[in-house]
Structures are given as structure tokens and as C-alpha cells.
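**Student:** Dropping a prediction and its sequence here:
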Amino acid sequence: MESNTEKLINVILDSYNTHELTVRIDEENMINKDILIEVIDEIKKILFPGFFDKNRVRNEYIKFLIGERIEFVQYNLKKQIARALGNQDICSECKKSAINEKAEKLVYQFLEQIPKIREYLHTDIQAAYDGDPAAYSTDEIIFSYPGVLAITVYRIAHELWTLGIPMIPRIMTEYAHSITGIDIHPGAKIGKYFFIDHGTGIVIGETTEIGDNVKIYQGVTLGALSTRKGQELKSVKRHPTIGDNVTIYSGTTILGGDTVIGNGATIGGNAFIVSSVSEGMKVSVKNPELRFSKGNLNEILQ
């Protein structure tokens, strides 16, 4: 007689056949998220030598350390990229050797961008220090600011996205999202001196374009007006463009691919914007009327 446990197992197995989208059995091309997180950690050590190491980093050993870390990234990232490419329809018939060769080339092209990523991160950290009176050192910012972590992972993922690597960039930025509460799509284009203050609840969509010297506070959404058409909107510009030297305060929502926030504009908190704003404009929401009384709070709210 079939036990209750066996019955349960068989019911679950039947569900695997019914809901095939959520099943990947006997497939070798599965991306390992844990390995990608380890890759991010090693890249961070390359980007910020001495900050995230367990032991002191000595100058006489730095060349050896960087070589060791690049080797780790090359081996593991190549493996994950090959798996991602192998999952693509266009590569379903590709030979394994050709996929591995392509993955190796893509990893090298990514690593060539490390100096550029460091250049951009240098400006981001400087912007955070210059823009936050609560910051007492740039070291404090690198170690503790969630915005810097989110931007760092974004800048890594964006270069992979630019190279056309599937899945992996999104896995990376969603990992940062899960830690920081800051959701930056790897396809977004973000200039230098980008500062996220506090950060929790920020959403930056795939086709967003952000210029230089932009400062964004917590709870800001740079999103699409509507996604009802779903896949029909793929690759369509549906998120706003933010010019240079723009500040967007907390709780603001800016929507639409045709929406442009001009250079030097300041957007006050809790604004809802679906049309363009001219250069240098200051946009604010009229304060709600406050009532003051010494009476019982429940009576006031009635």
C-alpha cells in the first residue's frame, strides 16, 4: 500500500509535469546565483583594494592579489556566462566549445572595463561625500552606504548588460536590491557623480537615462507610465530621462519615456510627474493644510 508520504511525493511530481516553467531537471546550463555573489565580492575587492579584505593588503603583494582575483573572476564568470548563453534560443544548437570561447571573450571584454568602472565609482563616492554633511569620510561611505553598494553592483552589471550577456546582470542587480532596497535595472544609463541618499525604495527602470551630478533621495521612482502591453514594450523607451545637475527629493514619482527633466532642475518631495520639466525649474507640491488643536485626537480625526 502506498504510504501518505509516497502519495505526497507523487502529487508533487505530477505538478512538475503540469507547471513546466518552474522546473529545470537534467539541464546542465543552470546559472549558480551563489557563485555570482562570490564573483561580485571578488570584483569589489578589485575595485576597492584594501577595503573588503580580511587581512591587510600590502603594496608589494597587490599585483599578485589582483592577478589571483582576476583568475577567480575569469574562471567562474566565464562558466556562468557560458551557461547563460547555453540557455538562449539562439545558442541552443551552438557547440559547447564555441559557447565557451564566446564566454571567455566576453569576460575579458568586461575586465577591460574595470578602470572605467573605478573612474565612475570614484566620482560617485566623491559626490556622496560632497553632498552629505552626515558623512565624515569617504571610507565611511564605501563601507556603510547602501547607495554605494547598489551603484557599485549596478556599474558592474551594466557593463555585462552592454556586452549583451543575458540573465546575469539582472541577477546581480536584484541581489543588490534584496540587500539595499534599491532597485536599479542594469540597462539604465547613469552618468558620473551619481549620489543616492538613504536610498530605500528607489526604483530606476531599464530605459532610464540619468546625466552627471544627479542626486536622488529615498522612495523615488523613475518608471514607466504603463506596462499593460507587456512584452510588446520590450526595448521601447518607457522610462524618463534625467538631465545633469538634477536633485530629486524623497517620495517623488517620474514616469514615461517622453518625460525629460531638464538640466539643473530640482524636484521637491512627493511630486508626481508625467510630463517634461524645463531646465532650471523647481517643482514642488503644495503643502497640505495642517490643523492644530488641544482636543482629543480621535475627535479631531472624525
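**Tutor:** All right, it came through fine.

**Student:** Quick check: the gap between Arg58 and Lys44.
**Tutor:** 19 Å (C-beta to C-beta, to the nearest Å). Placement of C-beta: from N, CA and C, glycine included.

**Student:** the more surrounded of the two?
**Tutor:** Looking at Arg58 and Lys44 with other C-beta atoms under 10 Å, you find the greater number of neighbours at Lys44, namely 18 against 10.

**Student:** Quick one: residues contacting Thr252.
**Tutor:** Thr252 sits next to Gly219, Val220, Thr221, Ile267, Gly268, Gly269, Asn270, Ala271, Phe272, Ile273 when contact means C-beta atoms under 8 Å, 6 or more residues apart in numbering.

**Student:** which outside residues touch stretch 21-37?
**Tutor:** Contact partners of stretch 21-37, identified using C-beta under 8 Å, 6+ apart, comprise 16, 76-77, 79-80, 82-84, 86-87, 167-168, 171-172, 175.

**Student:** cutoff 7 Å now
**Tutor:** Stretch 21-37 is contacted by residues Tyr16, Asn76, Gln80, Arg83, Ala84, Gly86, Asn87, Met167, Ile168, Ile171, Met172, Tyr175 when judged by C-beta atoms under 7 Å, 6 or more residues apart in numbering.

**Student:** and which of the residues you listed is nearest Glu68?
**Tutor:** Minimum separation from Glu68 among those (C-beta to C-beta) is found for Asn76, which lies at 12.7 Å.

**Student:** hmm, back to that, for the contacts of stretch 21-37, work out which two are farthest apart.
**Tutor:** Considering C-beta to C-beta, no two members of the contacts of stretch 21-37 lie farther apart than Tyr16 and Asn76, which are separated by 29.5 Å.

**Student:** so where's this protein shaky on pLDDT?
**Tutor:** Counting by pLDDT under 70, the low-confidence segments of the chain come to 1-2, 88-94, 295-302.

**Student:** now with 50?
**Tutor:** Judged by pLDDT under 50, the chain has no weakly predicted residues.

**Student:** Strands of that one, start to end?
**Tutor:** In order along the chain, the chain carries the following strands (DSSP state E): 183-184, 189-190, 195-197, 203-204, 209-210, 215-217, 221-223, 241-242, 247-248, 253-255, 260-261, 266-267, 272-273, 282-283.

**Student:** more crowded one of Tyr16 and Asn76?
**Tutor:** In this comparison of Tyr16 against Asn76, neighbours counted by other C-beta under 10 Å, the higher total goes to Asn76 at 17 against 11.

**Student:** Please report how far the closest residue to Gly181 other than its chain neighbours lies from Tyr175.
**Tutor:** The shortest distance from Gly181 to any residue that is not its chain neighbour, by C-beta to C-beta, 6 or more residues apart in numbering, is 4.0 Å, and that residue is Thr200. Between Thr200 and Tyr175 the computed distance is 16 Å (C-beta to C-beta).

**Student:** ok, now Ile9?
**Tutor:** Applying C-beta to C-beta to Ile9 and Tyr175 gives a distance of 32 Å.
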